[in-house]
Structure formats: C-alpha cells, structure tokens
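In: Build me a model from this:
(one chain, ligands or ions: 1)
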Amino acid sequence: MSIGRVGMFGGKFLPFPHLGHVYAMIQASTMVDELHVIVSHDAAFEEALCTGGKTRFESATMRLRWWTQLTKDLPHVQVHAVYEEQTGAFSDWERGRDGILKAIGKEIDVVFSSEHAYTPIFSKLYPQAKHIIIDAKREQYAISGTKIRNEGVMKHWAMIPKVVQPHYAKKVVVVGTESCGKSTLVKNLATLYNTTYVEEYGRTFYEKLGGCEGITIKSDYAEIAFEHKYHEKMELQKANKVLFIDTEAIVTQYFSQAYLDQTQPILGAISKIQHYDLWLFLEPDVTWVDDGTRSFGADNIREQNNNLLKELLAKNKIEYKVIKGDFQTRLNEAMTHVDALVTEEN
Ligand SMILES: NC(=O)c1ccc[n+]([C@@H]2O[C@H](COP(=O)([O-])OP(=O)(O)OC[C@H]3O[C@@H](n4cnc5c(N)ncnc54)[C@H](O)[C@@H]3O)[C@@H](O)[C@H]2O)c1
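Out: From the prediction side, this is the model:
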C-alpha cells in the first residue's frame, strides 16, 4: 500500500551503499509512488572521515554510479548526487535541504531513514512529510558505513552488493614462461580461496586451431589479449575477494617475441593500462611437460626465455614475488603472499 507519492532516502553512503542501505531503499520503494535516493556529498569532509580508517574515499560519482546500477530495474526510483557542505552537525542538513528539493523538483511526502534520532530534524526541514523508520535495530543487515570505514572492506565482504564487489576484489596474476606450473597453481589457488580464475587465453586459442607450431600470425596476439581481458572482466564480477589470473599482456608480448621475433604495439599499450594487485613470477625450475602446444623445452632455451620475460617485466617496472622450488613450496609461498594481500585493507 502506498503511504505517499514522493519519498526521499538520503545519506552519504560512504564508502559505498552497503546491503543495509539497499534493504532500506527497496523497502522504501515499496511504500511510495516514486522514491528519490540522495547521495549527499562533500569530498573534503568525507576524505577526512576516511583518513586513518581502513577504506579509501570514494567519489560521489562512484556512489551515484553504484546506486544507479542498484536501482536500474526500479523505474520509479531515481538517484541524485547533491552537494551538502558538512561539518558533521545536524545544522548542515538545512543547507542540504535546498539542493535536495531542487534535485527532486517536487514536494516530499515521506522521508525514510533507519534512525529515530533523525525525527526532530526531518520535522523541522520537511514539516509536511512523514518520517518512516526502517529497521532501526539493523536486524536485517547488521552493518554501517562507519563499521566498514573502520574495519575494512574484506571483513564485511558479505555486506557488499554484487555491483560494488568487483571494485574491491584483488587481482592476482601468475606469470612465467611455458610449463612452469601456472595453470595448475591458478586453479588450485582459486579452489582454495573459493573464488574464480581466468585461464591463459592463448592456450585455448591455439587448442581451438589444433596446434601452434609454425601457424602463429601477428594478428593472433591482439585477439588473445582482448579476449583475455574480456574474461578478466567477466570473472571479476563473480570473484570472492580475490581473482586469480593466468598470464597478461606482458607475457603475451613475450610469446610474440619468442615465436615471431616481433613486438606488438597494442600489447605494449595494454601493458601500460592494466593493473594487478599482486604479481607472482614462477621460475621454470620444475620438469618440462610437453602438452602438444609447447615449444622451447631445452634447458638453455628455457633459461634464455625466462630472462627475456624478466627483462620485459623490468622494462614495464613490474614488481613481482618470485615463486620457485617444488610444487608444495610453490603453493605455500603463493598462499602466504595472497593471505597478506586479502587481509591488507584498501
Ligand atoms: N539535508 C537533508 O535533508 C538530509 C537528509 C538525509 C540525509 N542527509 C545527509 O546524509 C547524512 C546521513 O547519513 P549518514 O552518512 O549518517 O548515514 P549513511 O549514509 O550510512 O546512511 C544513510 C541512511 O541509511 C540508513 N542505514 C544505514 N545503515 C543501515 C542498515 N544497516 N540498515 C538499514 N538502514 C540503514 C541510515 O539510517 C540513513 O538513513 C547526513 O550527514 C546528511 O549529510 C541529509
């Protein structure tokens, strides 16, 4: 049953709208003909609020973008970003009210929040409106923006909406020359961290062609790199805190140099814009396995290629963790680095 025509649900939603906010918004959306979500923002005040905490500041544009995604299937819900100069006092809200009314462009009948403490200020600013309090005890989603800012995103992962999670998921890329155990390590790590992974697309590409020896052509490399990036984007949507990735544009460039003795400018350009939170470099000190799509098995060639890849990484100023030794040592070393990464807050 509609309790009013125009509803308003406002907040800072800092660093992002969490599931408690989403719950309040969806509940509110069922009670009014149209609902306006207001992202009140003041970057200087909010940056200070995040300083010393465990999450980074997020711009009003990002918060508006997430709310836009969260409400895209609710045509009667509109989102607005409104600048509201803040000092942390209730008196600030009076200044914000004019911007809110201008953004909505019509009289507000209902204001929503989860706070009894907001009733006096709302009755002063919006005397004609009812104040509806949703889940004051926060029983449905026991979370707050302050808790996330103080304790970090990883600790409260389950309270982060799916549209926000990819922004915070850590990307771990595993690099190395052929037959150094990349694909097995990537899959094992994904299984152990209960998350998703991205396979080396070059391998799939040549398997589809039936082989790679002597049939490689220049245009393969851009296609491999683009397809690989697409899979990264898709898997990141599903990642649970961390995504494991086998190979990236610099390794693909290494293959272009090793197979065709050519450097591909497009791979150079991609190398400059891609970002990973952790690079694991696998030394080729495990037994060579000929899987039918591989070349370069002789020890001196493996060594030479390993140096070529290291040179390319150095040229791109990549800092990586070296993983070597037997398979158990490699797994344990990799896990130590990943554990440090996912407990480190951003
Ligand atoms: N000028 C105005 O009229 C007006 C009105 C409302 C809000 N504001 C702005 O928003 C700010 C208030 O929001 P905030 O930053 O303190 O809070 P916030 O951004 O974390 O929360 C926004 C709203 O969500 C509710 N909420 C939070 N966690 C919830 C949960 N787990 N379950 C259900 N609901 C939950 C809050 O009660 C609040 O109503 C003020 O500082 C002000 O700048 C302004």
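In: ok, which stretches of the stretch 1-150 of the chain are strands?
Out: 4-11, 32-41, 77-83, 110-113, 130-133 (DSSP state E, counting those that start in this stretch).
In: Quick one: check the fourth one for contact with the ligand.
Out: Yes: part of strand 110-113 sits near the ligand under the criterion CB under 6 Å from any ligand atom, namely residue 113. Every residue, glycine included, has its C-beta placed from N, CA and C.
In: before we move on, back to that, could you dump the strands of the stretch 1-150 of the chain into TSV with mean neighbour count and mean pLDDT added?
Out: As requested, these are exported to TSV (neighbours: other CB atoms under 10 Å; pLDDT from 0 to 100):
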stretch	mean neighbour count	mean pLDDT
strand 4-11	21	97
strand 32-41	22	98
strand 77-83	19	98
strand 110-113	23	98
strand 130-133	17	98
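In: ok, so what distance separates the closest residue to residue 172 other than its chain neighbours from the ligand?
Out: Closest residue to residue 172 in three dimensions, ignoring its sequence neighbours and counting by CB to CB, 6 or more residues apart in numbering: residue 278, at 4.5 Å. With the distance defined as CB to the nearest ligand atom, to the nearest Å, residue 278 ends up 31 Å from the ligand.
In: Please apply the same query to residue 225.
Out: From residue 225 over to the ligand the distance is 40 Å, taken as CB to the nearest ligand atom.
In: Export the helix or strand containing residue 244 to PDB, keeping only CA atoms.
Out: Assigned by DSSP states H and E, residue 244 belongs to strand 242-246. Taking only C-alpha atoms (Å, rounded to 0.1, in the frame of the first residue of the first chain), the coordinates of strand 242-246 have been written out as PDB:
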ATOM      1  CA  VAL A 242      40.300 -12.200  -5.000                       C
ATOM      2  CA  LEU A 243      40.600 -13.200  -8.700                       C
ATOM      3  CA  PHE A 244      43.400 -15.400 -10.000                       C
ATOM      4  CA  ILE A 245      44.600 -14.800 -13.500                       C
ATOM      5  CA  ASP A 246      47.000 -16.900 -15.600                       C
END
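In: residues in contact with that strand?
Out: Counting by CB atoms under 8 Å, 6 or more residues apart in numbering, the neighbours of strand 242-246 from elsewhere in the structure are 169-174, 182-183, 186, 189-190, 193, 195-200, 232, 235-236, 276, 338, 341-342.
In: Mind checking which of the residues you listed are in helices?
Out: Assignment to helices by DSSP state H places the following of the contacts of strand 242-246 there: 182, 183, 186, 189, 190, 232, 235, 236, 338, 341, 342.
In: Go ahead and confirm residue 316 touches residue 250.
Out: Yes: because the distance of 5.7 Å satisfies CB atoms under 8 Å, residue 316 is recorded as touching residue 250.
In: Neighbour count: those two, which is higher?
Out: Set residue 316 next to residue 250 and count neighbours by other CB atoms under 10 Å: residue 250 wins out with 21 against 14.
In: can you pull the buried residues of the helix or strand hosting the more buried one?
Out: When elements are assigned from DSSP H and E, residue 250 belongs to helix 249-260. Burial within helix 249-260, assessed by neighbour count using 16 or more other CB atoms under 10 Å, is assigned to 249, 250, 251, 252, 253, 254, 255, 256, 257, 258, 259.
In: Ok, stretch 323-340 next?
Out: 323, 330, 331, 333, 334, 338.
In: Find out how far that stretch is from the centre of the chain, if you would.
Out: Distance, stretch centre to chain centre, for stretch 323-340: 24 Å (CA atoms, centre = their mean, to the nearest Å).
In: Equivalent analysis for stretch 261-270, please.
Out: Averaged C-alpha coordinates place stretch 261-270 at 27 Å from its chain's average position (CA atoms, centre = their mean).
In: Quick check: residues of the stretch 51-200 of the chain near the ligand?
Out: Contact residues, the stretch 51-200 of the chain versus the ligand (CB under 6 Å from any ligand atom): 84, 86, 93, 96-97, 100, 113-115, 125, 134-135, 138, 141, 143-145.
In: run the last query once more with 5 Å
Out: Remark: the part of the stretch 51-200 of the chain in contact with the ligand comprises 84, 93, 96, 97, 113, 114, 115, 135, 138, 141, 143, 145, using CB under 5 Å from any ligand atom.
In: Could you tell me which of those count as buried?
Out: Buried members of those, counted by 16+ other CB under 10 Å: 84, 93, 96, 97, 113, 114, 141, 143, 145.
In: Which of the residues you listed fall in helices?
Out: Among these, the members that lie in helices (by DSSP H) are 93, 96, 97, 145.
In: quick one, what contacts the third one?
Out: Contact partners of residue 97, counting by CB under 8 Å, 6+ apart, are 125, 126.
In: if we go to 7 Å?
Out: Residues touching residue 97, when contacts are defined by CB atoms under 7 Å, 6 or more residues apart in numbering, comprise residue 125.
In: Also the second one?
Out: Residues touching residue 96, when contacts are defined by CB under 7 Å, 6+ apart, comprise 40, 82, 84.
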